[in-house]
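K.L.:
predicted model follows, preceded by the sequence.
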Amino acid sequence: MKLTPILVGAFTLALAASASAQTLTIATVNNGDMIRMQGLSSAFTEATGIELNWVVLEENTLRQNVTTDIATNGGQYDVMTIGTYEVPIWAKQGWLVPLDALTNDADYAVDDLLPPIRDGLSVDGKLYAAPFYGESSFIMYRTDLMEKAGLEMPEAPTWEFIGQAARAMTDRANDINGICLRGKAGWGENMAFLTAMSNSFGARWFDENWKPQFDSEQWKSTLHTYLSLMADAGPAGASSNGFNENLTLFQQGKCGMWIDATVAASFVTNPDDSTVADKVGFALAPDNGLGKRGNWLWAWSLAIPKGSQQQDAAAQFIKWATDKAYLEMVAAQDGWANVPPGTRISLYENAEYKAAAPFADMTLGSIYAADPTHPTVDPVPYVGVQFVAIPEFAGIATNVGQLFSAALAGQMSADDALAQAQEATLRDMTRAGYIK
Amino acid sequence: MATAQTRTLARIMMAPSVIVLLIWMIVPLVMTLWFSFQNYSLINPMMTGFAGWANYLYVIGDPSFTQSLVNTLILVGGVLLITVIGGTFLALLLDQPIWGQGILRIIVISPFFVMPPVAALIWKNGFMHPGYGMLGHLWKFFGLQPVDWFNQYPLFSVIVIVAWQWLPFATLILLTALQSLSEEQREAAEMDGANAINRFRYIILPHMARSITIVILIQTIFLLGIFAEIRVTTGGGPGYASTNIAFLVFRTGILSNDIGAGSAGGVVAVILANIVAFFLMRAVGKNLDA
């Protein structure tokens, strides 16, 4: 029959076409490092023949989308960009695929991942997400203003020193605020900062029986310190300021100090965007001599949801985006200062990187200074430095963030905000079954 | 005069669309009712089973529930006040024979074409932001400290934005009413010696009453569910200062992933909206019968 070879040929062609038409759908966040990855991803497609379909969303929208998709087993995405908050919770619920393909791959060098970051993304010793970039928080300050104030920033300052320096640097007539801190309500906004700050004051979200602790002296002291610091030395309208707003203020030379994500270091020292690029110094987040500093730990990471039909291809992509070769590719194209930071030990041993990024050592020091498994002075039943890794936290902390933001805006007193936070959190924890 | 046959035919032909519309309305409503009695959290698969009234008690017991009710009423009332008074005033102005009347009318109506989130973003960043908003610069120009609108006057700010969007609608309806007033009636009053205020009070206003009622009814229905403007500008805060019922439902159902309690909130919102609509129909709807 003449038809047979034609049919066989057509069948082979169809198979080849379906193989080359494999497409991964990737949900990611719209920040600079991810956008760069998207731009470079044609290299991955060329090497593997796997097409990529990008869904790039703003942080809050991304969280809502991926949470809904994974909780309902929607299977819309093959790779999800999630943070250290989601990974342990979702992994425990069996929603994520363990990345055994990566951990068993000697070429990937899983031991090269920074231990605090790797631990934050693992459950029972299994890695469930690969870090794309990691961050802690630290102090960025204006060396010229500090000098003008007649002070010298120690490498590891106390909150007392920060308060003193912020007030000394404030010059309202020239629109210079001693300190810029997050005030915008949200669990990933003001509550990330305030929770990390509260750790250094000896406060904690819950005691070992999951009872909220907003009625404690430590929380009172945290909030009062924050509010008085912002009243004396903070910018106007601070309760609307999140990461991006403070970044703009600092780049415009309107902040003496700014305590925020280490990833901001490359933005404030980039002369193209920052008017104060050559006058920025770095120091560890402040402490109170209680053994904990007020810095957090976070990693934007790539994970595979259980609902994905293309788990092998997804693992291939994650390997490509998070291994050492990717860092070298970015360095070759955009320079070492622009590689995604905070994930690999080898990066911080790389002389070229250290020469290009003066903030490298301080970033690494800050990442190591945060311990998600022992985040507070007193023992707690939860994991997470600037969050509590329980499913209900996002909702609860968004609510508390509103109250603290209202206190900053002068709409209610600090004590009222704390009392209402205690009441609301107690109510939600009881509903969720943590408190009987 | 329709015969029995044509009536039957009309019924049969309309049935599919009526059925689709009913399903469209009933299915979500029934699902919301069903979920409101279930323990259902998106992020906690352990929460399952019949919840009884627990979700309702949780929503009604929310510390911000009463405030969000009051905020909802203030929002609706505030926007209605501005749009009805402002709309009447603008309608009177636009009714005057002036040069460029057509273009002016389009300009006045244009805010209605702007999507709510876009309008809110423009107001938030372009006008009301204390740092780079136009009002902030204006305040600074006069040597004053810029006002942080969304934090100091959150509810008022939202009312202003929503009123700006709805003013064209009110103006348009009221202008149409005004234009249907017979010229002879006005002239007669004028000849009888009625001054402008009396003409407005005894002739124009009664003539516009029915249109004002329609404006109030339609706007109330939409204003009870204001959401985008709050989400974009204040996020319901500071604290709960600008949280209305719609935003409370969103916070419970979506931000906290608590579908059970969110659905209960949705049902409560529907019931409250119906109560408001009922009283509104009784109070102002009488005008429509006349």
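P.N.:
That came in fine, so what should we check first? Numbers count the residues shown, from 1 in each chain, chains lettered A, B, ... in the order given.
K.L.:
okay, CA-based contacts and neighbour counts for the rest of this
P.N.:
Will do.
K.L.:
quick one: contacts for residue 220?
P.N.:
Using chain A here. A:F214, A:A414, A:D415, A:L418 (C-alpha atoms under 8 Å, 6 or more residues apart in numbering or on different chains).
K.L.:
oops, chain B please
P.N.:
With contact set as C-alpha under 8 Å, 6+ apart, B:T220 has these partners: B:V76, B:L80.
K.L.:
for chain B, which spans come out with low pLDDT?
P.N.:
Residue ranges of chain B with pLDDT under 70: B:1, B:285, B:287-290.
K.L.:
close to chain A: what parts of it are there?
P.N.:
B:42-44, B:62-63, B:130, B:148, B:151-152, B:237-240, B:251-252, B:254-257 (C-alpha under 8 Å from any C-alpha of the partner chain).
K.L.:
of those, buried ones?
P.N.:
Applying 16 or more other C-alpha atoms under 10 Å in any protein chain shown to the residues of chain B next to chain A, the neighbour count classes B:42-44, B:62, B:130, B:148, B:151-152, B:237-240, B:251-252, B:254-257 as buried.
K.L.:
in strands, which of those fall?
P.N.:
Among these, no residue falls in strands (DSSP state E).
K.L.:
just checking, A:N295 touches A:I139?
P.N.:
No: the pair A:N295 / A:I139 is not scored as a contact, 9.3 Å apart, by C-alpha atoms under 8 Å.
K.L.:
have a look at the two and say which one is more surrounded.
P.N.:
A:N295 (35 against 26; other C-alpha atoms under 10 Å in any protein chain shown).
K.L.:
contacts only, for the residue in the stretch 151-300 of chain A that chain B sits nearest to.
P.N.:
Going by C-alpha to the nearest C-alpha, chain B is nearest to A:G237 of the stretch 151-300 of chain A, at 5.7 Å. The contact partners of A:G237, taken as C-alpha under 8 Å, 6+ apart, are A:A409, B:P130, B:D148, B:N151.
K.L.:
shared neighbours, A:N295 and A:I139?
P.N.:
A:L284, A:A285.
K.L.:
for the stretch 1-150 of chain A, what lies in contact range of chain B?
P.N.:
A:Q64, A:T67, A:T68, A:A71, A:T72.
K.L.:
okay, and which of the residues of chain B next to chain A map to helices?
P.N.:
Per DSSP state H, helices hold the following members of the residues of chain B next to chain A: B:N151, B:Q152.
K.L.:
SS state for the nearest residue to B:I203 once chain neighbours are set aside?
P.N.:
Spatial nearest neighbour of B:I203, excluding adjacent residues (C-alpha to C-alpha, 6 or more residues apart in numbering or on different chains): B:R186 at 7.5 Å. Following DSSP: H, G, I helix; E, B strand; the rest coil, B:R186 is assigned to helix.
K.L.:
okay but B:R186 is in contact with B:R199, surely?
P.N.:
Yes: assessed by C-alpha under 8 Å, B:R186 is found in contact with B:R199 at 7.3 Å.
K.L.:
please point out which parts of stretch A:95-114 sit buried.
P.N.:
A:W95, A:L96, A:V97, A:P98, A:L99, A:L102, A:T103, A:Y108, A:V110, A:L113, A:L114.
K.L.:
what do you get for stretch A:256-270?
P.N.:
Those would be A:256-269, for stretch A:256-270 by 16+ other C-alpha under 10 Å.
K.L.:
for stretch B:8-21, same thing?
P.N.:
Applying 16+ other C-alpha under 10 Å to stretch B:8-21 flags no residue as buried.
K.L.:
if I look at the residue in the stretch 1-150 of chain A that chain B sits nearest to, how far off is A:P391?
P.N.:
Per C-alpha to the nearest C-alpha, A:A71 is where the stretch 1-150 of chain A lies closest to chain B, at 5.7 Å. Counting by C-alpha to C-alpha, to the nearest Å, the gap from A:A71 to A:P391 is 11 Å.
K.L.:
mind listing the shared neighbours of the two?
P.N.:
Joint contacts of A:A71 and A:P391 (C-alpha under 8 Å, 6+ apart) are B:I43.
K.L.:
which members of the residues of the stretch 1-150 of chain A next to chain B are the farthest-apart pair?
P.N.:
Largest separation among the residues of the stretch 1-150 of chain A next to chain B by C-alpha to C-alpha: A:Q64 and A:T72, giving 12.1 Å.
K.L.:
what's the burial count for A:T225?
P.N.:
Counted with other C-alpha under 10 Å, A:T225 comes out at 16.
K.L.:
let me know the pLDDT of it.
P.N.:
pLDDT for A:T225: 97.
K.L.:
that one sits in which helix or strand?
P.N.:
Element membership of A:T225 [criterion: DSSP states H and E] is helix A:217-233.
K.L.:
buried residues in that helix?
P.N.:
A:218-227, A:229-231, A:233.
K.L.:
now swap in stretch B:166-181 and tell me
P.N.:
Neighbour counts using 16+ other C-alpha under 10 Å place B:W166, B:L167, B:P168, B:F169, B:A170, B:T171, B:L172, B:I173, B:L174, B:L175, B:A177, B:L178 of stretch B:166-181 among the buried residues.
K.L.:
my guess is B:H129 contacts B:D148. True?
P.N.:
Yes: if you go by C-alpha under 8 Å, B:H129 and B:D148 touch, sitting 6.7 Å apart.
K.L.:
OK, contacts around A:G242?
P.N.:
For A:G242, the contact set (C-alpha under 8 Å, 6+ apart) comprises A:L181, A:R182, A:G183, A:K184, A:E189, A:N190.
K.L.:
nearest to A:M153, of those residues?
P.N.:
Here the nearest of the contacts of A:G242 to A:M153, counting by C-alpha to C-alpha, is A:L181; it sits at 17.9 Å.
K.L.:
isn't B:F169 right up against B:I109?
P.N.:
Yes: using C-alpha under 8 Å, B:F169 is in contact with B:I109, at 7.2 Å.
K.L.:
so where's the stretch 101-250 of chain A shaky on pLDDT?
P.N.:
Using pLDDT under 70, the stretch 101-250 of chain A has no residue that qualifies.
K.L.:
how about the helices in the stretch 1-150 of chain B?
P.N.:
Listed in chain order, the helices of the stretch 1-150 of chain B (DSSP state H, counting those that start in this stretch) span residues B:4-36, B:54-60, B:65-94, B:101-109, B:116-121, B:134-141, B:149-152.
K.L.:
how about the ones you listed in TSV, adding distance to A:G307?
P.N.:
TSV is the format used below for those (distance: least, C-alpha to C-alpha, whole Å):
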stretch	distance to A:G307
helix B:4-36	24
helix B:54-60	30
helix B:65-94	37
helix B:101-109	48
helix B:116-121	33
helix B:134-141	49
helix B:149-152	42
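K.L.:
figure out which of these is closest to A:N350.
P.N.:
That would be helix B:116-121 among the helices of the stretch 1-150 of chain B, by C-alpha to C-alpha, at 44.2 Å.
K.L.:
before we move on, the earlier item: out of the helices of the stretch 1-150 of chain B, the one nearest A:P286 is which?
P.N.:
A:P286 sits nearest to helix B:149-152 of all the helices of the stretch 1-150 of chain B, at 28.4 Å, using C-alpha to C-alpha.
K.L.:
contacting residues around the closest one?
P.N.:
By C-alpha under 8 Å, 6+ apart, helix B:149-152 touches A:237, A:239-240, A:406, A:409-411, B:128-130, B:157, B:233-234, B:237-238.
K.L.:
and of those, the nearest to A:Q422?
P.N.:
Using C-alpha to C-alpha, these come closest to A:Q422 at A:A406, 15.2 Å.
K.L.:
returning to that earlier point: ok, and the most crowded of the contacts of helix B:149-152?
P.N.:
Among the contacts of helix B:149-152, B:P238 has the most neighbours (other C-alpha under 10 Å), with 31 neighbours.
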